[in-house]
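**Student:** Please find the sequence and the predicted model below.
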Amino acid sequence: MKAYCLLGMGLLSQLTHVSAAEKELPNIVFVLVDDMGIGDIGCYYNQQKIQTPHLDGLASEGLLFMQHYSGSTVSAPSRCALLTGKHTGCGYVRGNKGVKSQEGTFDLHLPSTEVTVAELLKQRGYATMCVGKWGLGGPKTTGSPVNQGFDYFFGYLSQRDAHRYYPSYLYENENKIQLGGRVYSHWMIMEKGLDFIRNQEKGEPFFAYFSITPPHADLDYPDLGEYQGKFPEIPYINKNGKGGYKTQMTPKAAYASMVSEIDRSVGQIIALLKERGEWENTLFIFSSDNGVHNVGGHDPKFFDSNGPFRGYKRDLYEGGIRTPFIVSWPNQIKAHRKSAHISAFWDFLPTVCDIVDIKVPEGVNGISFLPVLQGEEDKQRCHEYIYYEFYEMGGKQSILKDGWKLVRLNVSKPKKLVEELYYLPKDIGEEHNRIDDNQEKANELRRLMDEAHTPSEIFNW
């Protein structure tokens with residue numbers, strides 16, 4: 001393992017905190033949505049067409065990270081980075097990869113050697129839950145959520161199954177619950193997650209991971225309500241029969257409805273925590289697993305879903321990896337702030353460790369952003385760089401350091417390799433490739449890419 005992959009090894013906060021034994025541990029709620037753009041929420045880039053009052057209210061009283069990066073540009077590796085604290089140059093799951101078993105086709109499973117944030121929190125007495133989409137291993141594997149630190153799971157174990165909002169079945173822990181295609185899955189998933197919180201003993205800490213599936217395609221919502229007939233529509237027709245995404249005659253209304261449903265779900269969780277008297281000491285985080293998608297009829301340009309950024313899901317341009325990251329913790333975050341601190345999904349695990357006083361596992365790439373939450377940015381350690389690798393579409397890499405970003409395309413096809421260099425402070429839309437005039441900077445970033453990447457037997461070019 002190369003030097004950078006050891007950067008987070010044994011990382012502990014530089015700050016002096018009261019020991020976890022002498023303070024009340026906070027509840028931790030992480031709401032992760034699927035394929036939603038940073039521009040879809042009003043509080044970031046003044047979205048006007050979709051209503052998100054609960055998220056906007058959350059941001060108005062909390063902390064808005066303005067340069068936060070997802071774990072990857074697709075689902076499985078992004079979730080791996082979030083839960084294990086490792087970026088895609090070091091993580092075990094670096095892409096979406098199906099694995100067949102007697103139970104069916106599921107996603108590449110995390111090995112038992114990987115340590116998740118849920119496993120760490122259980123050491124401190126937390127009850128742990130995941131509802132929604134898992135994507136890191138099927139039933140009876142080492143990657144099953146119940147084998148990766150979660151006391152309770154309900155939802156989709158397979159990512160491919162999560163394309164359908166009226167599924168034949170969902171999993172409760174490792175048991176298949178037959179639904180017969182009659183239930184809108186998101187509503188059931190939310191109710192199971194809320195029930196988990198309701199069933200917790202007050203004062204006993206819990207980690208509730210709402211890994212919900214909207215607004216990932218299918219674009220499918222039972223009641224278009226306020227958005228019905230509001231937008232000019234181009235119907236999306238599935239011409240392939242059973243394959244692909246479902247036909248949707250009003251895709252814009254469906255997408256907007258799904259984003260507003262996310263907003264209502266966030267409101268439900270907040271209301272329950274306040275009703276229980278637990279809101280003040282809950283670390284509440286909202287984010288998306290990657291940039292916005294452009295499939296199944298969704299028109300991201302119409303909604304300006306990626307804000308000022310170039311690219312969508314499966315791109316390593318900013319639009320594929322910049323995500324909303326809204327944090328509330330009233331006991332620590334006393335008023336609305338915006339932070340320019342550069343952070344990423346792999347920072348979540350070391351931040352949690354910092355909060356509850358647990359040693360960070362070896363091999364973690366993340367850096368605790370607890371000082372930012374506490375308004376002490378001057379004491380915050382910073383990333384040397386933000387690195388990605390991606391194995392679809394010919395293979396891609398990107399690295400960001402000091403505002404300079406190198407993007408490499410067709411990595412698996414050396415004769416067709418394309419390299420682009422952008423300076424984000426003056427070109428946030430990544431429109432001006434400056435590599436011809438900045439070869440020294442490009443060489444520096446190429447060297448750092450080599451340091452950030454570690455070999456994988458499963459993912460390679």
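**Tutor:** Nice, thanks for sending it over.
**Student:** So if we follow the domain assignment, how does the chain break up?
**Tutor:** When the chain is parsed with automatic domain parsing, its domains come out as 7-384, 393-452.
**Student:** Quick one: mean pLDDT for the shortest one?
**Tutor:** Averaging pLDDT along domain 393-452 gives 98.
**Student:** With stretch 146-154 instead?
**Tutor:** The average pLDDT for stretch 146-154 rounds to 98.
**Student:** weakest of the domains of the chain in terms of mean pLDDT?
**Tutor:** Lowest mean pLDDT within these: domain 7-384, a mean of 94.
**Student:** Can you point out the buried residues in the longest helix along the chain?
**Tutor:** In the chain, ranked by residue count with DSSP state H as the criterion, the top helix is helix 251-275. Across helix 251-275, burial judged by 16 or more other CB atoms under 10 Å covers 251-263, 265-267, 269-270, 272-273. For every residue, glycine as well, the C-beta is placed using N, CA and C.
**Student:** how distant is that helix from the center of its chain?
**Tutor:** Distance, stretch centre to chain centre, for helix 251-275: 17 Å (CA atoms, centre = their mean, to the nearest Å).
**Student:** same thing with stretch 168-181?
**Tutor:** Put simply, stretch 168-181 sits 24 Å off its chain's centre (CA atoms, centre = their mean).
**Student:** Now it - C-alpha only, CSV.
**Tutor:** Only the C-alpha atoms of stretch 168-181 are listed here, as CSV (Å, rounded to 0.1, in the frame of the first residue of the first chain):
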residue,chain,number,x,y,z
SER,A,168,-41.8,-8.2,-6.1
TYR,A,169,-39.9,-8.4,-2.8
LEU,A,170,-37.6,-6.5,-0.4
TYR,A,171,-35.3,-7.9,2.3
GLU,A,172,-35.7,-7.6,6.0
ASN,A,173,-32.3,-8.4,7.3
GLU,A,174,-31.6,-11.5,5.1
ASN,A,175,-35.3,-12.6,4.8
LYS,A,176,-37.1,-12.0,1.6
ILE,A,177,-40.4,-10.2,2.2
GLN,A,178,-42.9,-10.8,-0.7
LEU,A,179,-44.7,-7.7,-1.9
GLY,A,180,-46.0,-8.8,-5.3
GLY,A,181,-45.4,-5.5,-6.9
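**Student:** contacting residues around that stretch?
**Tutor:** Identification of contacts with stretch 168-181 by CB atoms under 8 Å, 6 or more residues apart in numbering yields 139-140, 144-146, 152-157, 166-167, 185, 188-189, 192.
**Student:** Likewise for stretch 372-386?
**Tutor:** By CB under 8 Å, 6+ apart, stretch 372-386 touches 4, 7, 14-15, 63, 65, 69, 87, 283, 327, 329, 332-333, 337, 339, 341-344, 351, 367-369, 371, 399-401, 445, 448, 452.
**Student:** other SSEs contacting the longest helix of the chain?
**Tutor:** In terms of contacts (3 or more CB pairs under 8 Å, 6 or more residues apart in numbering; DSSP states H and E), helix 251-275 is packed against strand 27-33, helix 53-61, helix 185-198, strand 206-211, strand 282-288, helix 300-303.
**Student:** if you set the cut-off to 10 Å instead, what comes out?
**Tutor:** Helix 251-275 sits against strand 27-33, helix 53-61, helix 185-198, strand 206-211, strand 282-288, helix 300-303, strand 325-328, with contacts defined as 3 or more CB pairs under 10 Å, 6 or more residues apart in numbering; DSSP states H and E.
**Student:** Filter the contacts of stretch 372-386 down to the ones in strands?
**Tutor:** Counting by DSSP state E, the contacts of stretch 372-386 place 63, 65, 69, 283, 327, 337, 339, 341-344, 399-401 in strands.
**Student:** Tell me how far stretch 177-194 lies from the chain's centre.
**Tutor:** Here the centre of mass of C-alpha atoms in stretch 177-194, compared against the chain's by CA atoms, centre = their mean, lies 22 Å away.
**Student:** in that stretch, what counts as buried?
**Tutor:** Within stretch 177-194, the residues scored as buried using 16+ other CB under 10 Å are Tyr184, Ser185, His186, Met188, Ile189, Met190, Lys192, Gly193, Leu194.
**Student:** got the residue ranges for the helices in the protein?
**Tutor:** Taking DSSP H, the helices of the chain run over residues 42-45, 53-61, 75-84, 117-123, 185-198, 251-275, 300-303, 318-321, 348-356, 370-373, 439-452.
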